[in-house]
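Peer 1: give me the fold of what follows.
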Amino acid sequence: MSFQTQIEDLAGINLSADTTALNDYLTATAREVADALPANLLIRNASLATDTSNPFSVANMRILNITRNGRYANEIPYGMSAATADSGSIFFTDSNGRDPVFYYKGSDLYVLPAPDGDDPIHILRFAYPSVTYDASDITNFPDNAEYAVVLGATCKLLIRMISDAREALPATLSISDLSIISISPASPSVPSFTLPDVASTTVSSTAILNAGVAPTYTAPTIPDSATSLVDMTDSTWTTADYDFDDENIDYKTWFQLAGDFIQNEEDTELAQAQLQKISTYIQAYSGSVQNQLNIFNDENVEYQAKLQEAIQQAQINAQKASQQAQIDSTEAQQETSLKLQKENQEYGANLQKFSADLQAKTKGYEWLESQYNKLRSTYEGYFVSGGAEG
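Peer 2: You can find the predicted model right below:
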């Protein structure tokens, strides 16, 4: 059974699309287990290297034993390497190599006295393996420790899954951001209420039409350029000659002529006749004014009748338009109310489904935590109980 299958069984998921991370988890755990195992177990899977010079690279391996010329080398701190030449130091190493030592400098190993062709160093080392998800065993690795690698890799996977699930759960639950892991329940959209466009339902224009044209009063025409019958002028004549181009025709000179009869001629009869002439003209003009006024009044009566008819029709049109606007507004409100009611029902159903999905995802999150705790306890107990020693 491959490591992937074993991990899937423990984690309860399908990892077909996540094999790269699985390789990393297996390789990292194999190194972690190898570092925790007793050296006497790893020696069975270790290899021996021989070198005749310093330094020796120890990258990606665990050093189990070092000898020089058949003598066991002891490890000293890197900072005490100079003390190996001091005969008064406990780290002193004579040139005969009877008490060799070694120290690490980064990923390099140094042995003192330095090895050479006559006195090489022998290093018993355990190389950390690279583990792939599709393998079923680990080369040069204790068989009874392979399950610990599976347990540790599964724990690492569950930690990542728990982290993903925790990030998906908001600190404060709200409909807008609830989600669990990679497949989250989609929160339903809150229904929105749009007010009916009552403003666009307006009363039609009720202009007053067919009211006719208001009549205008036309005054009788006064000859010449005068604007009033009492307009007077100072004629250039000095004596009345009674022709028809001045004092007899131009009414503006009539009062002047009457004054001439009274003051110059002292002829009261002519003066009286002249004044009678003026009076007769005024009476004729007054009759013309009355006639024009009668025409105006007749046209005004007809205009007022048409105006009243047009006003009444405009009032009727305004009332009909107002009633239609009320009908349109009521229909729009009813339609909007029904739409909102339908959206609320759909929202309620979606919210119920969302809650059910959320509960299911939350239970999945809780299961991940529970499974991780159990596997982690088993994984740690493997080392405490010495389970790898069988």
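
Peer 1: which residues of this protein fall in helices?
Peer 2: For the chain, the helices identified by DSSP state H occupy 3-11, 19-36, 39-42, 146-168, 254-259, 268-384, in order along the chain.

Peer 1: what residues does the first one touch?
Peer 2: Residues lying outside helix 3-11 but in contact with it, judged by CB atoms under 8 Å, 6 or more residues apart in numbering, are 14-15, 19, 22, 26, 131-136, 149-151, 153-154, 157-158, 161, 371, 375. C-beta here means a position set from N, CA and C on the backbone, and glycine is covered the same way.

Peer 1: flag the shaky bits of this protein, pLDDT-wise.
Peer 2: Counting by pLDDT under 70, the chain has low-confidence residues at 16-17, 168-208, 211, 222-249, 251, 360-361, 384-390.

Peer 1: tell me the domain ranges of it?
Peer 2: What automatic domain parsing lists as the domains of the chain is 3-168, 198-362.

Peer 1: quickly compare those and say which is most buried.
Peer 2: Of all those, domain 3-168 has the most neighbours on average by mean count of other CB atoms under 10 Å, namely a mean of 16.

Peer 1: pull out the buried positions in stretch 374-381.
Peer 2: Leu375, Arg376, Thr378, Tyr379 (16 or more other CB atoms under 10 Å).

Peer 1: make JSON lines out of these and add distance to Pro120.
Peer 2: Below are the buried residues of stretch 374-381 laid out as JSON lines (distance: CB to CB, whole Å):
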{"residue": "Leu375", "distance to Pro120": "45"}
{"residue": "Arg376", "distance to Pro120": "44"}
{"residue": "Thr378", "distance to Pro120": "44"}
{"residue": "Tyr379", "distance to Pro120": "40"}
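
Peer 1: go through these and name the one nearest Met80.
Peer 2: Minimum distance to Met80 across the buried residues of stretch 374-381 is 37.1 Å, recorded for Tyr379 (CB to CB).

Peer 1: gap between that closest one and Glu366?
Peer 2: According to CB to CB, to the nearest Å, Tyr379 and Glu366 sit 20 Å apart.

Peer 1: now do the residue lying closest to Lys156 once chain neighbours are set aside against Leu15, distance only.
Peer 2: Nearest in space to Lys156, with sequence neighbours left out and distances taken as CB to CB, 6 or more residues apart in numbering, is Tyr25 at 4.3 Å. Distance, Tyr25 to Leu15, by CB to CB: 10 Å.

Peer 1: what touches both of these two?
Peer 2: Counting by CB under 8 Å, 6+ apart, the shared contacts of Tyr25 and Leu15 are Leu157.

Peer 1: any chance of the domains of the chain in TSV, plus distance to Phe383?
Peer 2: Shown next, in TSV, are these (distance: least, CB to CB, whole Å):
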stretch	distance to Phe383
domain 3-168	5
domain 198-362	33
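
Peer 1: residues in contact with Leu375?
Peer 2: Leu10, Leu151, Thr154, Cys155, Leu158.

Peer 1: and the fourth one, what does it touch?
Peer 2: Listed by CB under 8 Å, 6+ apart, the contact partners of Cys155 are Tyr372, Leu375, Arg376, Tyr379.

Peer 1: which one of the residues you listed is nearest to Gln352?
Peer 2: Nearest member of the contacts of Cys155 to Gln352, counting by CB to CB, is Tyr372, at 31.1 Å.
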